[in-house]
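Chemist: Everything below, folded, please.
(one chain, ligands or ions: 2)
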Amino acid sequence: TEIAPGAVHVPDWLDPALQHDLLTACREWARPPAGLREVRTPGGGTMTARQVCLGWHWYPYAYSRTTTDGDGTPVKPFPPWLDELGRRAVADTLGAPTASYDIALINFYDADARMGMHRDSDEKSDAPVVSLSLGDTCVFRFGNTETRTKPYTDVELRSGDLFVFGGPSRLAYHGVPRVYEGTAPGELGLKGRLNVTLRVSGF
Ligand code: MD3
Ligand code: FE
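Modeler: Numbers count the residues shown, from 1 in each chain. Ligands and ions are numbered 1, 2, ... in the order given. Okay, here's the model as predicted:
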């Protein structure tokens, strides 16, 4: 389903086996060193979703090769199979060829976590962002490129869903206003929600 030009939602794109394997990998990546951390914003706030990065480490609002705002160790490598997954996601949706994916940002949400409306503009490349959801269902709010307020479209993202954001949607405001506790598929064995975004740095 095309939500807006360049923004394509594919429910249930990851089969249960791939959801399981991606979750297992995320649990490994979350371990120290350079594991899961709390993200502090320059204004003194703390993001409620916790995060781990692969390839490049994101800190508000730039990228580095070390976990500058974590334990200071080198960021974990971005594995080739994630690039292949990202390129397959784009081929299945927008169809356009892309450069290699080299950044993964993995956000862990408990039932109270949220993500405020923001734009992702710290990457140099305008290649599409690939989003993969695991675990609890959330409300994903997809806005416009001008303001962090209306008009926006609310979409539920469930475990296994793919969302690709390219073209004019690449710089749209978006956020996660709500996570529905206890809605993850039981067989996955995940409490909470996990979102993997794949990006091309262009660095
Ligand atoms: C639209 N993540 O990591 S996924 C983020 O569920 C982020 O964790 C949310 O916003 C999450 O930056 C939303 C959907 C998403 C991700 C990246 C985008 C939408 C996007 C980048 C550009 C435009
Ligand atoms: Fe974002």
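
Chemist: Could you pick out the residues of the protein near ligand 1 for me?
Modeler: 105, 107, 115, 120, 129, 131, 140, 163, 165, 170, 172, 174, 176, 195, 197 (CB under 6 Å from any ligand atom). All C-beta spots, glycine's among them, are computed from the backbone N, C-alpha and C.

Chemist: neighbours of residue 121, just the number please.
Modeler: Applying other CB atoms under 10 Å, we find 10 other residues in the vicinity of residue 121.

Chemist: who's in contact with the nearest residue to it once chain neighbours are set aside?
Modeler: Counting by CB to CB, 6 or more residues apart in numbering, residue 121 lies nearest to residue 171, which is 6.2 Å off, once chain neighbours are set aside. Residues near residue 171 by CB atoms under 8 Å, 6 or more residues apart in numbering: 119, 120, 121, 145.

Chemist: what's the spacing between residue 171 and residue 114?
Modeler: Residue 171 sits at a distance of 21 Å from residue 114 (criterion: CB to CB, to the nearest Å).

Chemist: can you check residue 194 too?
Modeler: Distance, residue 194 to residue 114, by CB to CB: 15 Å.

Chemist: Just the pLDDT for the residue nearest to residue 121.
Modeler: Per-residue confidence (pLDDT) for residue 171: 97.

Chemist: Could you do residue 181 as well?
Modeler: 98.

Chemist: wait, it sits on residue 111?
Modeler: Yes: judged on CB atoms under 8 Å, residue 181 makes contact with residue 111 at a distance of 3.7 Å.

Chemist: Spit out the residues that contact those two alike.
Modeler: Joint contacts of residue 181 and residue 111 (CB under 8 Å, 6+ apart) are residue 136.

Chemist: Show me the strands in the chain, by range?
Modeler: With DSSP state E as the criterion, the chain has strands at 2-4, 7-10, 50-54, 57-59, 62-64, 103-109, 115-118, 129-135, 138-142, 153-157, 162-165, 174-179, 193-199.

Chemist: what's the offset of stretch 187-203 from the middle of its chain?
Modeler: Using CA atoms, centre = their mean, to the nearest Å, the mean C-alpha position of stretch 187-203 is found 5 Å from that of the whole chain.

Chemist: tell me which residues of that stretch are tucked away?
Modeler: Residues 188, 190, 192, 193, 194, 195, 196, 197, 198, 199, 200, 201 are the ones in stretch 187-203 that count as buried (16 or more other CB atoms under 10 Å).

Chemist: Quick one: end-to-end distance for it.
Modeler: 39 Å (CA to CA, to the nearest Å).

Chemist: Perfect, I'm done here.
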